[in-house]
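**Student:** Take a look and give me a structure for this.
(2 chains)
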Number of protein chains: 2
Amino acid sequence: MAERAMANAIRALTMDAVQAANSGHPGMPMGMADVATVLFDRFMRIDPADPRWPDRDRLVLSAGHGSMLLYAINHLLGYADMPVEELKRFRQLGALTAGHPEYGHAGGIEVTTGPLGQGIATAVGMALAERMAEARWGSELVDHWTYVIAGDGCLMEGISHEAIDLAGHLGLGRLIVLWDDNKITIDGGTELSTSTDQRARFAAAGWHTVACDAHEPEEIAAAIEAARADPRPSLIACNSIIGWGAPSKQGGHDVHGAPLGADEIAAARGYLEWPHEPFVIAPEIYEKWHAIARRGAEARAAWQARLAASPRRAAFEAAQARVGEEALAKAMDSYKAQLSADMPKFATRKASEMALAVVNTALPETIGGSADLTGSNLTRTKGMRPVTRADYGGRYIHFGIREHGMAAAMNGIALHGGFRPYGGTFLAFADYLRPAIRLSALMGVPVTYVMTHDSIGLGEDGPTHQPVEHLASLRAIPNLTVIRPADAVETAEAWQIAMTATATPTLLVLSRQNLPTVRDTHEQANLTARGAYPLRGPARRQVTLIATGSEVEIALAAADLLEAGGIRAAVVSAPSFELFAAQPEAYRAEVLGEAPRVGVEAAIRQGWDGPILRTGDGFVGMTGFGASAPAPDLYRHFGITAEAVADIARKLIKE
Amino acid sequence: MAERAMANAIRALTMDAVQAANSGHPGMPMGMADVATVLFDRFMRIDPADPRWPDRDRLVLSAGHGSMLLYAINHLLGYADMPVEELKRFRQLGALTAGHPEYGHAGGIEVTTGPLGQGIATAVGMALAERMAEARWGSELVDHWTYVIAGDGCLMEGISHEAIDLAGHLGLGRLIVLWDDNKITIDGGTELSTSTDQRARFAAAGWHTVACDAHEPEEIAAAIEAARADPRPSLIACNSIIGWGAPSKQGGHDVHGAPLGADEIAAARGYLEWPHEPFVIAPEIYEKWHAIARRGAEARAAWQARLAASPRRAAFEAAQARVGEEALAKAMDSYKAQLSADMPKFATRKASEMALAVVNTALPETIGGSADLTGSNLTRTKGMRPVTRADYGGRYIHFGIREHGMAAAMNGIALHGGFRPYGGTFLAFADYLRPAIRLSALMGVPVTYVMTHDSIGLGEDGPTHQPVEHLASLRAIPNLTVIRPADAVETAEAWQIAMTATATPTLLVLSRQNLPTVRDTHEQANLTARGAYPLRGPARRQVTLIATGSEVEIALAAADLLEAGGIRAAVVSAPSFELFAAQPEAYRAEVLGEAPRVGVEAAIRQGWDGPILRTGDGFVGMTGFGASAPAPDLYRHFGITAEAVADIARKLIKE
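**Tutor:** Residues are numbered from 1 along each chain as shown, chains lettered A, B, ... in the order given. Purely as a prediction, here's the structure:
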């Protein structure tokens, strides 16, 4: 029963850490300790000395509240950043051991989890990336597995449906989900809220399924073997007892999310025959866990040798390192010069497609996709063939009508490494994928969201499809760069910013309707990267008109109207409030000027006051939901016109 | 083939309206016209003369882009608000025939749809409401069906999983989903993105399933009969040809979302043997549709007679009319008086539970629930027994870990009428249900969202669970009242506002941590309804501190600090920015005063500038994601303290 003792080490560390923190979730780690132990002892191939080794197996703790499972394992394996002191500081300020696993805190944490269902959906992206990488580099360099530990909550969340359908459709046989089938949720038994036959459900989506007793190592191992042997993605229903080892609390919902208490911990120590003091692990148990790490180190050494001998080593390493910005910059400069010469009139979604043609040529590791709006988002450039179960060498993913699953999969593809994913939908449906966007931002994963049909300018589809509050709500997310370009030049620059970002997701906000080119100089610098800049700046301006995206055209027309009346109006294009906020204060003051200001955006005012507008400045935009009508009618109806902007400007100047 | 001609009327009106608008989606209405015709001709019980008749059958067009199907049917049935002129103005400004069906525009529109998956999930709430009403009033008064027309998109969206699981679990046999199984999505054939066996998937969730040829009336009728006969909710896979009747385009994805063009329409008129001019329907076809309406009118008359004879008529009508505010007001007044006497120190989530005890006693039509966080959200009051498939007479719904499905079901319960639903989850997970919140707001459905654990004050669970941008992002949604009460008194008032609202959803933002009672007067007026009001207002204030929720306590402590230093600081509690914005300008100016202002909220500043703060005013709050630690440590770490507020106030006064 060596594995039982290894598992009990997880249980003891979990009990002790949760007790020390007086907060946390002992139920899942104690219930799944045997499963996790068998998984690591017999299957996982990781090397704590190089947590980012590209060909490592991934473990995604989708049931993120069971974070102590992961922290305990990483400590036992010998990750340098997970000494026992970190376990003792579980859930304390500055510790790497946050309440839920936070990507970037410690090497053994593959992904931030906690919001339920995100882990399993992110893992689909990882498993897909593995197959795509294998198609490019061969099994000598790419040959790993993605394991997920998921709970009932993960499987109830809607995103799990999008994830398992996509995984089944794409035949991701390297994905194995270990479902903690403990029949307990926070409110009580699962019979309170679900009657679903999960195995039948997964089978309907093209998965292989198998069950095991979560406390019988040989059964667990046999299930994992069967899962690995089957070409389909696999669900293993692990029949577990939540909180296994806490004699009077196990199997009940009280053990899910609260410390066991000193008495129960003492009883558990007896039950588990665990004589050690809190946080003390016997050397022979450490030794067994370290053996797993040694096996992984050997595998990594062999892999390094294969890489060293590979004629494609440089290319492989370049893909991992996300180089290629110089090539992109060069290609973009000549593309932009051409645009300034042509002054085309395109929707920015069309301009995005043109910029993407440059991006996708310069950067072979981009992977595009759309949630079934390819012809609307214009995300697929020439020559991109679809990724299918028969051909993982493609570069375009038909994500289906699964915005949320798409976003989580993009996170997974980016976290896996070797690729730069982007994906499209309508801006109004940013609401559907918002929880995954938040995780992109929280993790600092540089994925790119392509959001088209960005205002009432989409016209007849009406208020359900017209974003009004979405710009404000997305600008509210920390560490997300929102860019709403005004024309083809700014769109090209926005793509360059997105591709150069290393720790920030980028969200591009693009028009359905055509827009003129407003950048009429041959300026080579990326002005979009400054967030806002003067587009037209007469000396001694009397008013500053500040606009984004499709409303820059309106601001320019308003400036013309004002000029005709003898008023000197400057026009500022402000594609990204976040990038502008990062500029030096002197630059910002110079761009915005001292004169009265008028903001123009076909969206609500929230988010303009403070960063852009001052008390008393004007704004032309929306104050409520949109309507269904041709776009020009809507702009007139809602009063977003050059005349309205000019009127407000005149009023402010007089005051 | 009378039904074929009736269906062709739908097809012709669809082609003509989309062509006239030069925009719209002919594919679904033409493909599903036969199914819809059989459904209405043989089963639907509605009376166009009383579109709100409580015992009518409901049709939810989950595939909302096929709105012309609904408009055409409503016109053919003789709804007074759907004359042919409205069809001719399809998708034009001011028409009732928006691109997607908009609840409230016309009587025959049960729900706003368009964002995919929302319709089916809302219908689950409607079908559940029917069963709950039947349990209360008996089948003499409540005996109707909920039908859904859903497309592939609806079934791919994650929310459909939450909806079908919940429906299967609750055994909603009165729910019948007609799936437009046309094997086409926007990007192409469904084989591009899905391999799911939908019938097996629904069966796994406890549904009855059956298939039919969508163009064979007898098969369609037999399938609906089978569905009605089965006690489980039913999925009918309607094997349809998208755009049926457009000879050269039918069956392809080009017919989905663009006008057919004059040539194809002419060809279709030949194919359908439809000799009439655009928008012209032969009298004999109108007559067949009007016969359906007459059948419905007779059924309604019989129902009215039963209601008139019922001893419970008054109670039934009261439930529909949402009366009871007076009883609630009286009960609330005495509860508030008691609170002011006791001055308890509770978390506002606990205060919410106490207020709910008053609400649920005064208003028997409330229905509570939580997405598996009952003990955290404190949404279940004493004596509320669960709603189960064996007992629809309960008042508490265990929604499971399905936030999005919960919100959509709440919309459906409210739209059905007779109930006032509320449901809880953590505020951070507002992101999961945001698309359904948006529809609550767009439709003006007065549901109540109970969002607890509203800031870093939740402590150790860390940044995944800590709302930072959520208040700003929710305040951004038009027609949503967000209320973040500071204590038990404001929480009671917030509940009263929520229950009195008729066309606005309310979102309550509640603390996990304990908060003192700050309203120390016996003031009976509902001050929370004013949005913001002075809590402490010394004469000739030198600074105004404005705070919400848990930070009001901090603002009061800061005022004490300032007072100790001889500075007169007013404190304003601002539980709801929306309610405050609706106050007269003079009131707002008086509350906020002329002195420098400091805002305090454990969230980002966005949304404060403009409505509350001016250029140069101060703010104490968050600027990025939170962290995992005990709450008091986090407040210190992020500098949200009375000292910090007082420091900024002093600085502003000196300037």
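**Student:** How about the residues of the stretch 451-600 of chain A by chain B?
**Tutor:** Residues of the stretch 451-600 of chain A that fall close to chain B, judged by Cβ under 8 Å from any Cβ of the partner chain: A:459-465, A:468-469, A:472-473, A:475-479. The C-beta positions use only the backbone N, C-alpha and C, and glycine is treated the same way.
**Student:** and with 6 Å instead?
**Tutor:** Contacts of the stretch 451-600 of chain A with chain B, taken as Cβ under 6 Å from any Cβ of the partner chain, map to A:460-464, A:469, A:472-473, A:476-478.
**Student:** So which residues of the stretch 451-600 of chain A form strands?
**Tutor:** Assigned by DSSP state E, counting those that start in this stretch, the strands in the stretch 451-600 of chain A fall at A:481-483, A:506-509, A:514-516, A:533-536, A:543-547, A:569-573, A:597-600.
**Student:** As JSON lines, those with mean pLDDT and mean neighbour count would be great.
**Tutor:** What follows is these, written out as JSON lines (pLDDT from 0 to 100; neighbours: other Cβ atoms under 10 Å in any protein chain shown):
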{"stretch": "strand A:481-483", "mean pLDDT": "98", "mean neighbour count": "26"}
{"stretch": "strand A:506-509", "mean pLDDT": "98", "mean neighbour count": "27"}
{"stretch": "strand A:514-516", "mean pLDDT": "96", "mean neighbour count": "19"}
{"stretch": "strand A:533-536", "mean pLDDT": "96", "mean neighbour count": "21"}
{"stretch": "strand A:543-547", "mean pLDDT": "98", "mean neighbour count": "28"}
{"stretch": "strand A:569-573", "mean pLDDT": "98", "mean neighbour count": "26"}
{"stretch": "strand A:597-600", "mean pLDDT": "98", "mean neighbour count": "26"}
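**Student:** Mind checking those for the one nearest to residue B:644?
**Tutor:** strand A:481-483 (28.7 Å; Cβ to Cβ).
**Student:** Is residue A:288 in contact with residue A:6, as I believe?
**Tutor:** Yes. Using Cβ atoms under 6 Å, residue A:288 makes contact with residue A:6 at a distance of 5.4 Å.
**Student:** Just want to know which of those two has more residues nearby.
**Tutor:** residue A:6 (25 against 17; other Cβ atoms under 10 Å in any protein chain shown).
**Student:** how much space between the residue lying closest to that one once chain neighbours are set aside and residue B:22?
**Tutor:** Nearest non-adjacent residue to residue A:6, counting by Cβ to Cβ, 6 or more residues apart in numbering or on different chains: residue A:37, 4.7 Å away. Separation of residue A:37 from residue B:22 (Cβ to Cβ, to the nearest Å): 64 Å.
**Student:** Give me the more crowded residue out of the two.
**Tutor:** Neighbour count, other Cβ under 10 Å: between residue A:37 and residue B:22, residue A:37 has more, with 26 against 11.
**Student:** mind checking pLDDT for that one?
**Tutor:** What the model reports as pLDDT for residue A:37 is 98.
**Student:** what kind of secondary structure is it in?
**Tutor:** Secondary structure, DSSP: H, G, I helix; E, B strand; the rest coil: residue A:37 is helix.
**Student:** Does it touch residue A:3 like I think?
**Tutor:** Yes. Counting by Cβ under 6 Å, residue A:3 is a contact partner of residue A:37 at 5.0 Å.
**Student:** Which residues of the stretch 251-400 of chain A lie near chain B?
**Tutor:** Within the stretch 251-400 of chain A, the positions adjacent to chain B are A:372, A:374, A:398, A:400 by Cβ under 6 Å from any Cβ.
**Student:** Need the max-distance pair from those residues.
**Tutor:** Top of the distance list for these (Cβ to Cβ): A:374 and A:400, 11.2 Å.
**Student:** Point out where chain A drops to low pLDDT.
**Tutor:** Scanning chain A for pLDDT under 70 picks out the ranges A:1, A:521-523.
**Student:** How is it divided into domains?
**Tutor:** Domains of chain A are assigned by the TED database as A:1-305, A:325-516, A:530-653.
**Student:** check which helix or strand covers the residue of the stretch 251-400 of chain A found nearest chain B.
**Tutor:** Using Cβ to the nearest Cβ, the closest approach of the stretch 251-400 of chain A to chain B is made by residue A:400 at 3.3 Å. Element membership for residue A:400, per DSSP states H and E: none, as it lies in no helix or strand.
**Student:** In contact with it, which residues?
**Tutor:** Residues in contact with residue A:400 (Cβ atoms under 6 Å, 6 or more residues apart in numbering or on different chains) are A:372, B:156, B:193-194.
**Student:** Distance of it relative to residue B:336?
**Tutor:** Distance, residue A:400 to residue B:336, by Cβ to Cβ: 52 Å.
**Student:** what's the answer for residue A:646, then?
**Tutor:** 51 Å.
**Student:** mind exporting stretch A:536-551 as CSV, just the C-alpha atoms?
**Tutor:** Output in CSV follows, covering the C-alpha atoms of stretch A:536-551 (Å, rounded to 0.1, in the frame of the first residue of the first chain):
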residue,chain,number,x,y,z
ARG,A,536,-6.0,66.9,-36.5
GLY,A,537,-4.5,69.5,-34.3
PRO,A,538,-4.8,73.1,-35.3
ALA,A,539,-2.7,75.6,-33.3
ARG,A,540,-4.6,77.2,-30.4
ARG,A,541,-7.5,74.8,-30.5
GLN,A,542,-10.8,76.0,-29.0
VAL,A,543,-12.2,72.5,-28.5
THR,A,544,-11.0,68.9,-28.6
LEU,A,545,-13.1,66.2,-30.1
ILE,A,546,-12.1,62.7,-29.0
ALA,A,547,-13.5,59.7,-30.6
THR,A,548,-12.9,56.0,-31.2
GLY,A,549,-13.5,53.6,-34.0
SER,A,550,-16.4,54.4,-36.3
GLU,A,551,-17.1,57.7,-34.5
